[in-house]
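S.K.: Quick one, fold the following:
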Amino acid sequence: MIEAFYDSEPQVFVLKMSHKFIINYNYLIVDSVNNLSVIVDPAWEIEKIEHILTHTETSLKGILLTHSHPDHIDLAIPLSLKYNCPIWMSNTEIATSCFTAKHLNGIDITPWSIGQLQIQPIFTPGHSQGSTCYLIGNSLFTGDTLFAEGCGLCPDIISAQTMYSSIKLLKEVIKPETYVFPGHSYGKIPGQKFSLLLKENIYLQFNNQEDFVAYRMRKGQKAAKLFNFQ
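M.R.: Residues are numbered from 1 along each chain as shown. Take a look at the predicted model:
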């Protein structure tokens, strides 16, 4: 499935990808003025990416990785080699994951531009030690940090504490009218406004770290439910 999200600026193309029992979302962000594009977390069905690049007649100029888990980096290296474009990942994630690639560039929170695309990294550790969200125009790409319906898994208590701080940061810096494009969906289509998440996402309701951590790390969360991607 490939859908154009016309309400966002710049234009975002939503690519629904599947592999075995997992479904995730890749996003092609297009600068239509200069015919340039970047892609977020490319994985699995490369023919969909090739199709949308041809359809939009844009040149792929970079790959944004929110974190290093296999379902988010699967096509990063082959796409980077084919299109001779950089891969961006946070310095912390590179150091802790040992991910390597010929065109890999470590980043911090310093923004940069690709044509008309203004890319603002937001460091949001928790799901992994170097997880990063990307704000481009009025669109936020959150990987596994924040979903419309929840937030990413945390491997331990310290990670859950860190996740609380990361979500608190997003609540402080992201405007309510921003569109949120997560790595996975548990029912809601990508591109929900942050204002909706502020009302309906339980992980955005906690006002203290202790309660957040207790809920995030609660017992009885079965894998079958955790991976009920749509």
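S.K.: Every contact and neighbour count from this point should use C-alpha atoms.
M.R.: Noted.
S.K.: Is L197 in contact with E149, as I believe?
M.R.: Yes - look at L197 against E149 with CA atoms under 8 Å: they come within range, at 7.5 Å.
S.K.: Tell me which of these two has more neighbours.
M.R.: L197 (20 against 15; other CA atoms under 10 Å).
S.K.: Could you grab the helix/strand/coil label for that one?
M.R.: Assigned with DSSP: H, G, I helix; E, B strand; the rest coil, L197 falls in the helix class.
S.K.: Centre-most residue in the protein?
M.R.: Central residue of the chain (CA atoms, centre = their mean): G143, 2.5 Å from the mean position.
S.K.: ok, and the closest non-adjacent residue to that residue?
M.R.: Using CA to CA, 6 or more residues apart in numbering and skipping residues adjacent in sequence, the residue nearest G143 is G183, 4.3 Å away.
S.K.: Which residues are in contact with the one you found?
M.R.: Taking CA atoms under 8 Å, 6 or more residues apart in numbering, we find G183 in contact with N24, Y25, N26, D41, H72, F141, T142, G143, D144, F147.
S.K.: and it, what pLDDT?
M.R.: On pLDDT, G183 comes in at 96.
S.K.: Check the gap between it and Y134 for me.
M.R.: 12 Å (CA to CA, to the nearest Å).
S.K.: Strands of this protein, start to end?
M.R.: Using DSSP state E, the strands found in the chain span residues 2-5, 11-19, 22-31, 36-40, 59-64, 87-90, 104-107, 112-114, 117-123, 132-136, 139-143, 179-182, 192-193.
S.K.: These: lowest mean pLDDT?
M.R.: Among those, strand 2-5 carries the lowest mean pLDDT (a mean of 58).
S.K.: what sits against the nearest residue in space to S37 that is not next to it in sequence?
M.R.: Using CA to CA, 6+ apart and skipping the chain neighbours, the partner closest in space to S37 is V30 (4.4 Å). For V30, the contacting residues are P10, Q11, V12, F13, L36, S37, V38, T58, L117, by CA under 8 Å, 6+ apart.
S.K.: which pair in the residues you listed spans the largest distance?
M.R.: Greatest spatial distance among those (CA to CA): F13 and L117, at 14.4 Å.
S.K.: Between its first and last residues, how far does stretch 28-43 reach?
M.R.: End-to-end distance for stretch 28-43, by CA to CA: 12 Å.
S.K.: list the buried ones in it?
M.R.: Across stretch 28-43, burial judged by 16 or more other CA atoms under 10 Å covers 28-32, 36-43.
S.K.: Any idea how far it is from the middle of the chain?
M.R.: Centroid separation for stretch 28-43 versus its chain: 14 Å, with CA atoms, centre = their mean, to the nearest Å.
S.K.: next one: phi and psi at the closest residue in space to F194 that isn't next to it in sequence?
M.R.: Closest residue to F194 apart from its sequence neighbours, by CA to CA, 6+ apart: P176 at 4.9 Å. Main-chain dihedrals, P176, degrees, to the nearest 10: phi -60, psi -30.
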